[in-house]
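A.B. asks: here is a sequence with its predicted model. Questions after.
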Amino acid sequence: MKSQAAIKGHPVHPMLIVYPFAFLTGSFGFSAVAAASGNRELRNVSDHLVRTGVVAALLAAVPGVIDYFGSVPPQSSGRDRATKHALLNLAGLGLFASSWLSRRGRDRRSVPLMLQGIGSAVMCVAGYMGGTLVYRNQIGVDHRHASAGKWREERLHGDDSKTLRSAADDLAVNQMKLVHVDGRRLVVGHMEDGYAAFQDRCTHKGGPLADGVLICGTVQCPWHGSQFDVRTGAVKCGPAEQPIETYPIEDAPAARRGA
């Protein structure tokens, strides 16, 4: 039985993260100048920037969590990278928050400055990993080829051939759809001579095949270019070495196949 299809959105987390990054690293700059000059007002500006940056980071974390569970493929190199990215951001945020709290201690210069310096370095590494998620893993990037159609995603109950076939009713030739079946991510595709159903996870680094290209019965992973035969699951081109799993699906009527 079909549920209402979901449309893949464009994650906004990469756009929001620039604000807490600017506030927090800016606070480190003001702290450094304040420590060198002894200007108390500059130190107060740094404190205000830390508080503002923490609030902005918490707001940016909301779409970040949504992206993590909704856009990053599970069991993939992208999920591992996203996990490290999130943990580093949390660590950096904790260091900046600690720097603000340490202002109340006896050493009002060196400790906050050191914490903010380490926090800035940690957030720079986290930012690099976030950029890698966008440019290498293409999280939030609309890279679908011409005539691929809009992103389609659907949840199904049951993976029998007729149910999977019904999910492909709105697909044109060489278009695909991601379907969720009892916690599994499958792909249904429409080819010139029928339909195919196969696992979404590329066996190389876990890339989402539903985001790739389907041409002449071959699907290509968008991350590293591995190609698979969607009928048999066999690898047609590396770097993947293991085949993908395929599922039975009701084929197209003979008249529609041009037979």
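C.D. replies: The structure has been received and is ready for your questions.
A.B. asks: give me the three-state assignment for the residue minimising distance to the centre of the chain.
C.D. replies: Nearest residue to the geometric centre of the chain (CA atoms, centre = their mean): Val72, 3.3 Å. For Val72, the assignment made with DSSP: H, G, I helix; E, B strand; the rest coil gives coil.
A.B. asks: residues in contact with the residue lying closest to it once chain neighbours are set aside?
C.D. replies: Counting by CB to CB, 6 or more residues apart in numbering, Val72 lies nearest to Ala82, which is 4.7 Å off, once chain neighbours are set aside. C-beta coordinates here come from the backbone N, C-alpha and C atoms, glycine included. Residues near Ala82 by CB atoms under 8 Å, 6 or more residues apart in numbering: 67-68, 72, 133, 139.
A.B. asks: swap the cut-off to 10 Å and go again
C.D. replies: 64, 67-69, 71-73, 76, 129-130, 132-133, 137, 139 (CB atoms under 10 Å, 6 or more residues apart in numbering).
A.B. asks: mind giving me the PyMOL command for buried ones among those?
C.D. replies: Typed into PyMOL, the line below selects the buried ones among those, using 16 or more other CB atoms under 10 Å:
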select buried, resi 64+67+68+71+72+73+76+129+130+132+133+137+139
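A.B. asks: max pairwise distance over the contacts of Ala82: which two?
C.D. replies: Across those, no pair lies farther apart than Phe69 and Thr132, at 19.1 Å, counting by CB to CB.
A.B. asks: which element is the residue nearest to Val72 on?
C.D. replies: Using DSSP states H and E, Ala82 sits in helix 77-101.
A.B. asks: which of the residues in the helix or strand following that helix are buried?
C.D. replies: The first helix or strand that comes after helix 77-101 along the chain, using DSSP H and E, is helix 110-135. Burial within helix 110-135, assessed by neighbour count using 16+ other CB under 10 Å, is assigned to 112-113, 115-120, 122-123, 126-127, 129-130, 132-133.
A.B. asks: and the helix or strand following helix 110-135, how far out from the chain middle?
C.D. replies: Remark: after helix 110-135, the chain's next helix or strand is strand 153-156, criterion DSSP H and E. Its chain's C-alpha centre and that of strand 153-156 lie 19 Å apart, by CA atoms, centre = their mean, to the nearest Å.
A.B. asks: much appreciated, bye for now.
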